[in-house]
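1. Structural data only, the sequence is not supplied:
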């Protein structure tokens, strides 16, 4: 893997992945791989299909490759193929083999699993407010099964950001960065 520190932000919907990704990038002067699904689905004028989700997966990978090629010090992936895998399995009852294989093969220095301790925020693109606990457990199960280095991130607002930065520090992923926000003092 190149010198870029790659952090995957993963977890159920409405758990603050996008906000946390942006805050982390600002705190470390890193880059964010945006969530392609939100852009794509917000312009889709019909119910999405499994083929749409596969297209989203391909585009998400392409965005990640593009931004990795810029070789930033740190790259925050505001979703990863694990999100797409869980989405496919949960909604469609299956996931294409290539997504399963690709999600297992993705290498990140750390995955941050966002907890469901934030209140649900209604959004036309969100679908499962009553299933967040079950989905969280599915994510946790997959991360363990894949042998990923991950930390569960809890708290709200600035506290959630500080917990994520602390998790990165504890995993040894901040020590090599020279551009840490002054709001976070590494002890």
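-> That came through fine. As the structure is a prediction and not an experimental result, all values here were calculated from the model.

2. can you pull out the strands in this protein?
-> 5-10, 31-33, 74-77, 110-114, 150-153 (DSSP state E).

3. and of these, who's closest to residue 55?
-> When the strands of the chain are compared by Cβ to Cβ, strand 31-33 sits nearest residue 55, at 16.6 Å. (C-beta placed from N, C-alpha, C; glycine too.)

4. Quickly run through the sheet partners of the closest one, with directions.
-> Strand 31-33 has the following sheet partners, assigned by DSSP bridges: strand 74-77 (parallel).

5. quick one: average pLDDT of the partner strand?
-> Strand 74-77 shows a mean pLDDT of 97.

6. same thing with stretch 154-164?
-> Here the average pLDDT along stretch 154-164 is 95.

7. What is the neighbour count of residue 90?
-> Residue 90 has 16 neighbours, counted by other Cβ atoms under 10 Å.

8. OK, contacts around it?
-> 128, 131, 135, 138 (Cβ atoms under 8 Å, 6 or more residues apart in numbering).

9. try it again with 10 Å
-> When contacts are counted by Cβ atoms under 10 Å, 6 or more residues apart in numbering, residue 90 touches 12, 127, 128, 131, 134, 135, 138.

10. from these, which would you call buried?
-> With burial judged by 16 or more other Cβ atoms under 10 Å, the buried subset of the contacts of residue 90 is 12, 135, 138.

11. just checking, which of these belong to helices?
-> Cross-referencing the buried ones among the contacts of residue 90 against helices under DSSP state H gives 135, 138.
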